[in-house]
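1. coords please:
(chains A and B)
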Amino acid sequence: MKRRQFIRTSLGATVAASSAIAFGNINRLFAGPAAMPNLPYDLVAVRNGEPDVMFDKAIQSLGGMESFVKQGQKVVVKPNIGWDVTPERAGNTNPDLIKRIVEHCFNAGAKEVYVFDNTCDEWSKCYKSSQIEQLAKDAGAKVVPGNSESYYQEVDIPKGVRLKKAKVHELILESDVFINVPVLKHHSSADLSIAMKNLMGIVWDRMYWHRNDLHQCIADYCTYRTPDLNVIDAYRVMMKNGPRGVSVDDVVTYKTQILATDIVAADAAAAKVFGSEPEDITYIEKAADLGVGTYNLENLNINRIKL
Amino acid sequence: MVFRFLKWSRVAVSLIFFLLIGFLFVDFGNVFSANFMNGILFFQFIPSILKFINIVALAAVGFVVVLVLTLLFGRVYCSYLCPLGTLQDIIRVFSNRFKKRKRFRYRPPKNVLRYGFLGLTLLALLFGSFIFINLLDPYSLFGKIVSNLARPIYYTINNTGAWILEKFEVYTLFKVGLKGYSWASFGYSLVLLGLIGWLVYKYGRLYCNTVCPVGTFLGIVSRFSLFRIRLDETMCDSCGICGSNCKAQCIDTKNKAVDFSRCVGCMNCLTACPSSGVKFSLFHKRYDKTPKTIPLEPVGARRNFIKNSALITGGVLSIAGEAFSEGLNDGKIPVKREYTVTPPGSLSIRHFTQTCTACHLCVSACPTHVIQPSLFQYGISGVLQPFMDFNAHFCNFECTLCSEVCPTGAILPIELEEKKLTQLGISKFIKENCVVYTDEKDCGACSEHCPTKAVNMVFYKDRLKIPEVTKEICIGCGACEYACPTTPKSIYVDGNPIHKLAEKPKVEKIETEVNPEDDFPF
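-> This is a model prediction of the structure:
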């Protein structure tokens, strides 16, 4: 190798390497939704099982976690860990489900799986009481704090009506795969907290959303980026006093789970499980109007599994 | 030699207490159990007395031990147990490193000042004001200095460490914020630290012997001590070495006399004396040779001036700040809190402000940082005593940590179940400021955060819902106020001057039968 050639080659390699570091997963930008395989179903609904067993069945019917996670990819799993309450209170996502999802990600070849939430109650207490921190760590995930503004980076939301900018947790921006794992529950102001509402936990300043038309902001954010997969935990469902709940008496055990890539469809199906009509939930309607997805479940290819 | 052992034992014991107590005031991870923390603070004189008054218990007799120790050996408390004393010794060691060692010489006591400070403190207490305890108690002053000055540094080091580890995807450390940090409290701590540092450099332990009410009080007690330091008539050749090593400046070597009421019990003179002229022995009348008192110079004047101007400046700034923020929001209704909210377990504003020494241990320990130093929320008399600052955060429903760590009994121990029903105050809703009213858009952040659903969303117009407060079940935790996104706030907690018992939230089991045979609703 000539000296000049060597310099040129190594210079090129350096530039390539450093830009890869600087811009993170630049490939993501080009991959987009096209990377998603043709899934056999638009939506999978399971009932009558334990959270982990239901997930096994549901993900299997979508071709396994391999349909979403490729060898060596970084995955972020975003549960709802908003409150300092135990799993029986159903204020947070079921910890067994989170553990199982993390295990599936690793089995599919994930290099790293991250779990976090920007909580409402003091974060370390939420992480602990929810048991999500412990079980996710047991499965090998990295449980990451979301309590400091320094983790959040500002993004533009050009299609947003009220929400034009948001500071989003860097893990959401940097990971290859984003799995949203909300819990279905009553919500005093948004009516229901499901998949779209759960995304308020990946931004820093959610008070801006409250101040500027909550429903519109929830819908607006989804025009920026929706999760690659939504897994809705409706094993225990808080029927009233949400989103925090007052006692276990607020909770009904539905033993249900819903998987979908379309976040609007996922929320619509979960709303029906709760006993509400999707078009009555303002943000579901607004998101559909913005073209995020559809709440017309009749047009979807749904796999219904009863265990 | 036995005297050498005394000095080194003093250094060891004092450093252990200094480091442990210091750590309590920077720690955010609740490393020590509350019991261990209480144990570490067992001997702190004023907190122990206050705790004893409030909870007559064996765990609160530290001050009796201190009194007994003083009656035996003089003010050893000041050198062995008091963290502010140790801090001064450490400053001294460092100042000696940087500048040529400054030698001490005998100075007469400043009786008007020292008894003045003690008298003022007692007089204020008689009128129910803790102001001088808040400002001067050595343990509490040490707490303030560490909590307000060292804690931000400790957090910054931690956060830098966390930031570096994150780059390697290690999340064992995590970042901590300083939301609600009080600049007035910072200012006071900084000024006092500067002052004490300067006094240490110039005059040794002058703070302990002139300002500190505990030092002066124990000084009176030490006039009856069994064992005392004295200069031996025959062995002492008045070489002056002990005096030049005496940071209390209480050894008059010319006259071979010791003012034992000002001796802080550091034992340095015993180690320094080359000729066994300094004795630490059973007191006998014939040894009594306290130096004659010579009238004094007013050292305190400048100190007081600085202190007062700092306080006045702080006050003016805070009032100006409030006026400014109110002026910005025409048409809206500013929050006018009638009573400041005190932490759960503090019973009432009266109990709290008349027991708290403003050591800021609760400020350091509180996991949500809702407890912050006050400025004039309790009036001048309660300056720097902590309050529930719902701009900083809100009280965690499942937590009673402040009540467990409080060393004075200002925040008395409270069971979790009792705490969950203790009404610190009541939420008040200001409709005119609320997004639902002004913008006709859903918000509900307040109701979302409420742990008892005392703040509930009720139908207002069409599908729009507006907050409604059920005050009987409100516990005044401040979650609603913290979460409210409007300026000024649309909901705030007005304190109960005497804490009340809230009603239990109504719970009703939801009767929904889930039939596994049912089909999906879609």
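
2. tell me which residue is most central in the chain.
-> Here I'm looking at chain A. Ranked by distance to the mean C-alpha position of chain A (Cα atoms, centre = their mean), the top residue is A:Asn180 at 1.4 Å.

3. wait, chain B
-> B:Cys359 (1.1 Å).

4. give me every residue in the stretch 101-250 of chain A lying close to chain B.
-> Residues of the stretch 101-250 of chain A lying near chain B by Cβ under 8 Å from any Cβ of the partner chain: A:112, A:120-122, A:124-125, A:129, A:142-145, A:147-148, A:150, A:187-190, A:207-208, A:210-216, A:239-241, A:243-244, A:246-247, A:249-250. All C-beta spots, glycine's among them, are computed from the backbone N, C-alpha and C.

5. quick one: contacts for residue 245?
-> Picking chain A for this. For A:Gly245, the contacting residues are A:Trp83, A:Val85, A:Arg89, A:Ala90, A:Gly91, A:Lys185, A:Met238, A:Val251, by Cβ atoms under 8 Å, 6 or more residues apart in numbering or on different chains.

6. should've been chain B
-> Residues counted as contacts of B:Asn245 (Cβ under 8 Å, 6+ apart) are B:Phe104, B:Asn268, B:Cys269, B:Ala272.

7. and the third one, what pLDDT?
-> You'll see B:Cys269 listed with a pLDDT of 92.

8. gap between it and chain A?
-> B:Cys269 sits 50 Å away from chain A when distances are taken as Cβ to the nearest Cβ, to the nearest Å.

9. after the helix or strand harbouring that residue, next one along is what?
-> For B:Cys269, the host element (DSSP states H and E) is helix B:268-272. Next in sequence after helix B:268-272, counting helices and strands by DSSP H and E, comes strand B:278-282.

10. off-centre distance for that next one?
-> When C-alpha coordinates are averaged (Cα atoms, centre = their mean, to the nearest Å), strand B:278-282 and its chain have centres 37 Å apart.

11. which residues touch the residue in the stretch 51-200 of chain A that chain B sits nearest to?
-> Using Cβ to the nearest Cβ, the point where the stretch 51-200 of chain A gets nearest to chain B is A:Ser189, with a distance of 2.2 Å. By Cβ under 8 Å, 6+ apart, the contact list for A:Ser189 reads A:His210, A:Leu214, B:Asp442, B:Cys443, B:Gly444, B:Ala445, B:Ser447, B:Glu448, B:Met457, B:Lys465.

12. and if we set it to 7 Å?
-> With contacts defined as Cβ atoms under 7 Å, 6 or more residues apart in numbering or on different chains, the neighbours of A:Ser189 are A:Leu214, B:Asp442, B:Cys443, B:Gly444, B:Ser447, B:Glu448, B:Met457, B:Lys465.

13. number of residues surrounding the residue nearest to it when sequence neighbours are not counted?
-> If you skip the residues right next to it in sequence, A:Ser189 has B:Gly444 as its closest partner in space, 2.2 Å away by Cβ to Cβ, 6 or more residues apart in numbering or on different chains. B:Gly444 is surrounded by 25 other residues when neighbours are defined as other Cβ atoms under 10 Å in any protein chain shown.

14. for A:Leu229, same thing?
-> For A:Leu229, the count of nearby residues is 26 (other Cβ under 10 Å).

15. still on that earlier bit, so the residue nearest to A:Ser189 touches A:His186, yeah?
-> No. Taking contact to mean Cβ atoms under 7 Å, the distance of 11.8 Å between B:Gly444 and A:His186 leaves them out of contact.

16. and the closest residue to B:Thr86 other than its chain neighbours, its phi and psi?
-> Nearest non-adjacent residue to B:Thr86, counting by Cβ to Cβ, 6+ apart: B:Phe18, 4.0 Å away. Note on B:Phe18: backbone dihedrals following degrees, to the nearest 10 are phi -60, psi -50.

17. per-residue pLDDT, the residue nearest to A:Ser189?
-> Looking at B:Gly444, its pLDDT is 96.

18. that one and B:Ala454: what is the separation?
-> Distance check for B:Gly444 against B:Ala454: by Cβ to Cβ, to the nearest Å, it reads 14 Å.

19. also B:Asp518?
-> 36 Å.

20. just B:Gly478 next, same as before
-> On the measure of Cβ to Cβ, B:Gly478 and B:Ala454 end up 12 Å apart.

21. tally of neighbours for B:Leu165?
-> 14.

22. again but with B:Leu282, I slipped
-> Other residues within reach of B:Leu282, judged by other Cβ under 10 Å, total 10.

23. rewinding a little: contact partners for the residue nearest to the centre of chain A?
-> If you count contacts by Cβ under 7 Å, 6+ apart, A:Asn180 has them with A:Lys78, A:Ala195, A:Asn198, A:Pro227, A:Asn230.

24. now stretch A:234-253: how far from the chain's centre is it?
-> With Cα atoms, centre = their mean as the basis, stretch A:234-253 stands 20 Å off its chain's centre.

25. next, the buried residues of that stretch.
-> The neighbour-count criterion (16 or more other Cβ atoms under 10 Å in any protein chain shown) identifies A:234-247, A:250-252 as the buried residues of stretch A:234-253.

26. endpoints of it, how far apart?
-> End-to-end distance of stretch A:234-253: 8 Å, with Cα to Cα, to the nearest Å as the criterion.

27. in chain A, which spans are strands?
-> A:43-47, A:74-79, A:112-115, A:142-143, A:152-156, A:165-169, A:177-181, A:183-187, A:191-193, A:229-238, A:251-260, A:302-306 (DSSP state E).

28. who touches the helix or strand where B:Leu165 lies?
-> B:Leu165 is part of helix B:151-167, with elements assigned from DSSP H and E. Outside helix B:151-167, the residues that touch it by Cβ under 7 Å, 6+ apart are B:Phe25, B:Val26, B:Thr172, B:Leu173, B:Phe174, B:Lys175, B:Val176, B:Leu178, B:Ser364.

29. could you point out which element follows it?
-> The C-terminal neighbour of helix B:151-167 among helices and strands, as given by DSSP H and E, is helix B:183-203.
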